[in-house]
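Engineer: below are the sequence and a predicted model; questions follow.
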Amino acid sequence: MDACSSEVPGMGRSIVYIEADNEADARQKASDRLKLPGESIEIVPSDTGPYEASVEIPGPLNVRIDTDMFEARVDAQAPEPGMRAPSRGEIMAILAAAGIKIAPKAHALETLVQELAAGRDVDNLLIAEGSLPQRARDGSVEPQGDWDYPVVPGEDIGVLIPAQDAQQGVLLDGAHIPAQGPPSGEPVEFSGNPCCRIDKNSYTVRSETYGMVQLDNNILSVKPAFHVRDNALVLEADIFARDNEGRPFTTHRYRDIFSMLGFVEGFSERAVEKAIEKAQTTGEPQRMSLVCQGRKPVHGIDGWFEMMYQDERSAVGSTTKNGAIDFRERGVVRAVKQNEILGVLHPPVPGTPGKDIFGRIIPASDGRPFGLVCEEHADVLDDGKTFFATAEGMVFLKGNRLTVTDVFRTEGDVDLSTGNLKLEKGSLYVAGSILSGFSVSSPANIFVEEIIESAQVHAAGSVEVKGGIIMERGGEIHSEQDVSALFMKNAVVKAGGSVQVKHEISTSEVIAGHKVFALTGRGKVFGSTIRCGEGMEVQELGNEAGVETTIHLGKKLEVSPGLIARKKELTTLLAKIYGKLGSDPPQAILERTRPEFRESMKRILGTRLEAEKELETVTNAMREERARQRKETNARIRIYKFLYPGVVVHGYGSRFSVTEAASRCCIFYDQTERRLTLGSL
């Protein structure tokens, strides 16, 4: 090869140092790191240090990579006569072949190129180096002046130093090393009303009020050193002898500062002067000294409603023949007759205006009118102030709402003192419990403060039980709307709407036209038979003991009564024919019939054939109707915690048995599979 050759000779090696227990382990780790077959890697054992794993790479460089993939060093011999030194691009390609994915050190690369070009060997040159991760740095503020003293509006209080994000480290192969700690430094933030602002060009922070600088948990604010009280009639402030820059305060300066903040009325020069003198003498600020004082308005008197009717039969809350009424906490209660005067609305009285420390006129509140609202069975005469009852009942004045209603409330339990309660109208409020053996009914709602025992309860509206329902000896609750309780045990509950419990339904029979809910507390349903027309939502269904729990999902499939009746007629007719003639084919029956009776037999067999065809048609129609009803349903059972074995779900002609526990799941009718199935929420 002549001296003008442009060839770069030789092969080098990429050397990786591997920490391993044995040579096989070292070969496997080297294969994983170099992403090369193990047989192409040469392993040099070591008694004291890491194994040396190497592979050939094109070019006259030996590249050595340390065990932690953080440093790469090169050895290179000067080109032999007639050979040229490798270029920068060729060196970069050699390094890449050695597994180095990051850029080499610029100075080292330049040194390597120059040394080889000059015909000199290169030994142990650090050619590439990973970078260490950098922790995030919180932002800060460099104070201006002494923050132990107040700052004033328009003056600088410091310079903001922004936060810095964490920086990942990088290994030679390009892998990233996560930084320790949070990904971002906590920036200096400003509270909701920081009373200061930042110059985004210079990062200088400037006060917008008179107060003390606070930097707590990297939240910067200026806390006003003054307080407005008594509806802006009094201004008090902490009075200092100097500010944060060391400049003295004077009465005139304080007047200008507070005037700049909008306090322009009633500046008390004497009080401020005395506070400054005391601050100078003691070296301590004078806390909440009087600065400004406005003039109070004389407010008028609000309107009010004067109840005119006096109950001659009993005092408010006393016992009546029909039960006990106690609405002391809910307004004034009176019993009135139709067209009875309830009371008179009095107008407000005007007042005299004042002036606050901002210089604003404080209107002399003329007194607010009492906005009385007439609700059920209450109205007002043409004079606009006299109110009367439009029906007989009890008077409720709750806030500004006037009502005459027919709510019946017991003083305690439904027991021998009350007997059975049957209301012709209105709702029932039971202040205690409904005890076993008694019955109550209402054309509206029933609310029970404590529990319902084995009693008969019927409501055209809803039934709400603040405690639980315990029916050890029979009883039933029937509501045309909703039923709710803390828990249900051995209960029989039928609701046209939804049923809701907080803790559990156990060993009970529940029918809900809409949904069953058990979500807000423990939310358990087990050992019960539940029929829910629109599904149920519970925390847990069944229990760990696997007690049988039966759910009937969806509304009961109902076929047209006409189809049912016709099917019954046809079935009865065919049963009679089969009973007389049997079910053999018509030809066989005709062959064994005497000739003189064959015409009659043909007519009977014709009737049988027509009945069989119609029965098939009716049966198919009933199947189609049930299928349509199944298709229209989207009722689901949603279980937000646990579903246990022992639960059996019926619905839409399908049955689903739970054999394994599950969590956060739902049971629904799959229209495609035409069966009940288990899915996730």
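Structural biologist: Everything's here; your move. Numbering: from 1, shown residues only.
Engineer: so which residues of the stretch 501-650 of the chain form helices?
Structural biologist: 561-581, 586-591, 598-632 (DSSP state H, counting those that start in this stretch).
Engineer: in TSV: those, plus mean neighbour count and mean pLDDT.
Structural biologist: In this view, the C-beta of every residue, glycine as well, is placed from N, C-alpha and C. Putting the helices of the stretch 501-650 of the chain into TSV (neighbours: other CB atoms under 10 Å; pLDDT from 0 to 100) gives the following:
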stretch	mean neighbour count	mean pLDDT
helix 561-581	13	87
helix 586-591	13	85
helix 598-632	14	83
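Engineer: how about CSV for those, with distance to Phe487 added?
Structural biologist: What follows is those, written out as CSV (distance: least, CB to CB, whole Å):
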stretch, distance to Phe487
helix 561-581, 39
helix 586-591, 65
helix 598-632, 33
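Engineer: what's the closest of those to Ile477?
Structural biologist: helix 598-632 (28.2 Å; CB to CB).
Engineer: looking at the helices of the stretch 501-650 of the chain, which is nearest to Glu453?
Structural biologist: Per CB to CB, nearest to Glu453 of these: helix 598-632, 38.5 Å.
Engineer: any idea how far Ile257 lies from Glu544?
Structural biologist: Distance from Ile257 to Glu544, counting by CB to CB, to the nearest Å: 72 Å.
Engineer: next: Ile530.
Structural biologist: Applying CB to CB to Ile530 and Glu544 gives a distance of 19 Å.
Engineer: same check on Ser289?
Structural biologist: From Ser289 to Glu544 the distance is 70 Å (CB to CB).
Engineer: the two: which has the busier surroundings?
Structural biologist: Ser289 (20 against 12; other CB atoms under 10 Å).
Engineer: what about Arg84, which helix or strand?
Structural biologist: Using DSSP states H and E, Arg84 sits within no helix or strand.
Engineer: so which residue of this protein lies furthest out from the middle?
Structural biologist: Glu596 (86.0 Å; CA atoms, centre = their mean).
Engineer: worst-scoring helix or strand of the protein, pLDDT-wise?
Structural biologist: None of the helices or strands of the chain scores lower by mean pLDDT, DSSP states H and E than strand 319-320, at a mean of 38.
Engineer: can you point out the buried residues in the helix or strand hosting Ile94?
Structural biologist: Using DSSP H and E, Ile94 sits within helix 88-97. Within helix 88-97, the residues that count as buried by 16 or more other CB atoms under 10 Å are Glu90, Ile91, Ile94, Leu95, Ala97.
Engineer: need the next SSE after that helix, C-terminal direction.
Structural biologist: For helix 88-97, the following helix or strand on the C-terminal side (DSSP H and E) is helix 106-117.
Engineer: dump that next one to CSV, restricted to CA.
Structural biologist: What follows is helix 106-117, C-alpha atoms only, in CSV (Å, rounded to 0.1, in the frame of the first residue of the first chain):
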residue,chain,number,x,y,z
ALA,A,106,-16.0,18.0,22.1
HIS,A,107,-12.5,18.8,23.4
ALA,A,108,-11.6,15.1,23.8
LEU,A,109,-12.8,14.3,20.2
GLU,A,110,-10.7,17.2,18.9
THR,A,111,-7.7,16.0,20.9
LEU,A,112,-8.1,12.5,19.6
VAL,A,113,-8.3,13.7,16.0
GLN,A,114,-5.3,16.0,16.3
GLU,A,115,-3.1,13.5,18.1
LEU,A,116,-3.8,10.7,15.6
ALA,A,117,-3.3,13.1,12.7
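Engineer: quick one: contacts of that helix?
Structural biologist: The contact list for helix 106-117 (CB atoms under 8 Å, 6 or more residues apart in numbering) reads 74, 76, 78-79, 85-88, 91-92, 121-122, 125-128.
Engineer: could you give the angle of that helix to helix 88-97?
Structural biologist: Helix 106-117 and helix 88-97 are oriented at 110 degrees to each other (axes from the mean of the first three to the mean of the last three CA atoms, to 10 degrees).
Engineer: in helix 106-117, what's buried?
Structural biologist: Ala108, Leu109, Leu112, Val113, Glu115, Leu116.
Engineer: next one: that helix to chain centre, how far?
Structural biologist: 62 Å (CA atoms, centre = their mean, to the nearest Å).
Engineer: before we move on, what about stretch 435-454?
Structural biologist: 36 Å.
Engineer: next, the buried residues of that stretch.
Structural biologist: Those would be 435-454, for stretch 435-454 by 16+ other CB under 10 Å.
Engineer: dump that stretch to PDB, restricted to CA.
Structural biologist: Extracted as PDB, the C-alpha positions of stretch 435-454 are listed here (Å, rounded to 0.1, in the frame of the first residue of the first chain):
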ATOM      1  CA  LEU A 435     -94.300  -0.700  67.500                       C
ATOM      2  CA  SER A 436     -95.200  -4.300  66.700                       C
ATOM      3  CA  GLY A 437     -98.900  -5.000  66.100                       C
ATOM      4  CA  PHE A 438    -100.000  -1.500  65.100                       C
ATOM      5  CA  SER A 439    -100.900  -0.100  61.700                       C
ATOM      6  CA  VAL A 440    -100.600   3.300  60.100                       C
ATOM      7  CA  SER A 441    -101.700   4.600  56.700                       C
ATOM      8  CA  SER A 442    -101.400   7.900  55.000                       C
ATOM      9  CA  PRO A 443    -102.500   9.300  51.600                       C
ATOM     10  CA  ALA A 444     -99.200  11.100  51.400                       C
ATOM     11  CA  ASN A 445     -95.800  10.500  53.000                       C
ATOM     12  CA  ILE A 446     -94.800   8.800  56.300                       C
ATOM     13  CA  PHE A 447     -91.600   9.800  58.200                       C
ATOM     14  CA  VAL A 448     -90.400   7.800  61.200                       C
ATOM     15  CA  GLU A 449     -87.700   9.200  63.500                       C
ATOM     16  CA  GLU A 450     -86.700   5.900  65.000                       C
ATOM     17  CA  ILE A 451     -87.600   2.300  63.800                       C
ATOM     18  CA  ILE A 452     -90.500   0.300  62.400                       C
ATOM     19  CA  GLU A 453     -91.100  -3.000  64.200                       C
ATOM     20  CA  SER A 454     -93.500  -5.700  63.000                       C
END
